[in-house]
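Asker: task: produce atomic coordinates for the following.
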Amino acid sequence: MSEILDARGWACPKPVIETKKALQTKDSLTVIVDNRAAKENVSRLASKIGYNVSISEKDDGTFIYITKGSEAKINVEAFKEPEPEEYIKCDTGKLVLLIASDTVGQGSDELGGILMRAFMHTFLEVKPQPDVIVLMNNGVKMAITGSLVLDDLKNLASNGVEIIICGTCLKYFNLTDQIAIGEISNAYTIAETLLQAGKVVRL
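Answerer: Predicted structure coming up:
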């Protein structure tokens, strides 16, 4: 019988962390979540390490059914804590652009908005383009419907740029349902992305 992990009401990134812990000793697990970010992140984690995932939307939450697949990495590389010398091998070589505001610099918000629009458009023309764009705090507002830089973000995504959006930030601003581009993520994945990057540039 599948064990149940009730993650309803848990703040990011706890649902992902506790799911990862549970899967170290379980062949099957049912995770119950109550928000879109948790659903996507838990499902992504399980799929990434080789588990089969199915989802059922119910009145009292989203039920994520996780079962061991033939490729599941049980208690091996997916779960072990790296040795100190292994951390240097985590460098993905990716260029990560971290944006924590929808304006550039301090001072005039109007000028900052103009500069941000100019930069986002310019990123389409310059080389190298970032491999990943991480949007946090007010920066998540750039990925919602009606954003003045939404078209540029969509064009960057079509060029292969991965756009990661802070789920906690979206929830704080009540913008989760307005996201028009990108992947809703959590602190765990964002921290992993930044720490494994070849280079991080903050705009």
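
Asker: stretch 174-189 - what's its average pLDDT?
Answerer: Averaging pLDDT along stretch 174-189 yields 93.

Asker: start and end of it, how far apart?
Answerer: Criterion Cα to Cα, to the nearest Å; first-to-last residue distance in stretch 174-189 is 21 Å.

Asker: I'd like the distance from that stretch to the chain centre, please.
Answerer: 7 Å (Cα atoms, centre = their mean, to the nearest Å).

Asker: and what of stretch 166-174?
Answerer: The answer for stretch 166-174 is 12 Å, by Cα atoms, centre = their mean.

Asker: where does Ser101 fall, phi/psi-wise?
Answerer: phi -160, psi 160 (degrees, to the nearest 10).

Asker: pretty sure it contacts Gly139?
Answerer: Yes: taking contacts as Cβ atoms under 8 Å, Ser101 lies within contact range of Gly139: 5.6 Å. (Each C-beta comes from the backbone N, C-alpha and C, glycine too.)

Asker: who touches stretch 195-203?
Answerer: Stretch 195-203 is contacted from outside by 90-100, 104, 116, 119, 130, 132, 194, using Cβ atoms under 8 Å, 6 or more residues apart in numbering.

Asker: in it, what counts as buried?
Answerer: Ala197, Val200, Leu203 (16 or more other Cβ atoms under 10 Å).

Asker: among these, which ones are in strands?
Answerer: Val200 (DSSP state E).
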